[in-house]
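K.L.:
let me see the structure of the following:
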Amino acid sequence: MEDILNLKVDVPQIPHPLPLFSDYLKKGYYPFSLEDDFDLRLQQVVNQTLEIDIPVYADMNVATGRKLKQLLAIVAESAPFKPNMSKIADMLNISRNNIADYLLYMEEAGMVAQLRAETGGVRGLGKVNKVYLDNTNLVHNLAKENQNKGNVRETFFLNQLRVSHQLTTSNVADFKINTIDFEVGGKNKGLKQIKTAANGFVVKDDIEKGYLNTIPLWHFGLMY
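P.N.:
Numbers count the residues shown, from 1 in each chain. Got it, this is the predicted structure:
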């Protein structure tokens, strides 16, 4: 992280990384990404996880497994998705008390990622503020025409950083890690969002090199 924030990233053997980065966002996350039937294989992974793995692990019935698929579809169509438990419960015809458990099972199974508020004190992390699909390959596979670039960018940033850092919501930007605020956007994203941040960075897609407190999004793919 320190090297990335100080713009010390250098990959001389790849002078133009953006085309490769674009390919990775679509089908680079899974070990079978080079196979011709990638989209079909990924759909099979999703179905296996939601219809068999989670229900067996959590002792659910088949009908509940179908509810998980419906819930994932809602997330895919709406991400980044601010959960309204009562509204989701009505849509799926289930108790609102079960939804948080379902989302947690799906998060542990690598289907979704939940961004929580920072409450501080002994309570640690607070309520879930946004729900994302776990990675950008799932966005491209499940969201279809509902995907948007902003969602893809934020999903990638969250997916890469949460492996070794605790991310929370930010009052001034998209994400916060400890005392650092990050605003994620395209190459024309300005500094307006972070001008009040004591320690803020703009993370831009579609740029190869960083400058000052502006960092290319693809750099965060080199975290581990």
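
K.L.:
measure residue 136 to residue 219 for me?
P.N.:
Residue 136 sits 16 Å away from residue 219, taking Cβ to Cβ, to the nearest Å as the criterion. Bear in mind the C-beta positions are built from the backbone N, C-alpha and C, glycine included.

K.L.:
in the helix ranked longest in the chain, what counts as buried?
P.N.:
In the chain, taking DSSP state H as the definition, the longest helix is helix 62-78. Neighbour-count burial for helix 62-78 flags 64-65, 67-68, 71-72, 74-76 (criterion: 16 or more other Cβ atoms under 10 Å).

K.L.:
what is the helix or strand of the chain with the lowest mean pLDDT packed up against?
P.N.:
Counting by mean pLDDT, DSSP states H and E, the chain has its least confident helix or strand at strand 125-133, which shows a mean of 84. For strand 125-133, the packing partners by 3 or more Cβ pairs under 8 Å, 6 or more residues apart in numbering; DSSP states H and E come out as helix 62-78, helix 96-108, strand 112-118, helix 149-161.

K.L.:
nearest to residue 187, out of those?
P.N.:
Closest approach to residue 187 among those (Cβ to Cβ): helix 149-161, 11.0 Å.

K.L.:
show me what contacts the one residue sitting closest to the centre of the chain?
P.N.:
Most central in the chain under Cα atoms, centre = their mean is residue 155, positioned 2.8 Å from the mean C-alpha point. Each residue near residue 155 by Cβ atoms under 8 Å, 6 or more residues apart in numbering is listed here: 79-80, 113, 132-136, 139.

K.L.:
report the two of the residues you listed separated the most.
P.N.:
The distance between the two most remote of the contacts of residue 155 (Cβ to Cβ) is 13.7 Å, for 80 and 135.

K.L.:
which one's more surrounded, those two?
P.N.:
A direct count of neighbours by other Cβ atoms under 10 Å for residue 80 and residue 135 places residue 135 higher, at 23 against 19.

K.L.:
was I right about that one contacting residue 158?
P.N.:
No - counting by Cβ atoms under 8 Å, residue 135 does not reach residue 158; the two are 9.2 Å apart.

K.L.:
what's the mean pLDDT across stretch 26-40?
P.N.:
Computed over stretch 26-40, the mean pLDDT rounds to 93.

K.L.:
quick one on the thing from earlier: helices or strands up against the longest helix of the chain?
P.N.:
Using 3+ Cβ pairs under 8 Å, 6+ apart as the test, helix 62-78 ends up in contact with helix 54-58, helix 85-92, helix 96-108, strand 125-133.

K.L.:
separation between the residue lying closest to residue 193 once chain neighbours are set aside and residue 127?
P.N.:
Spatial nearest neighbour of residue 193, chain neighbours left out: residue 183 (4.2 Å); criterion: Cβ to Cβ, 6 or more residues apart in numbering. Distance, residue 183 to residue 127, by Cβ to Cβ: 22 Å.

K.L.:
appreciated, that's everything.
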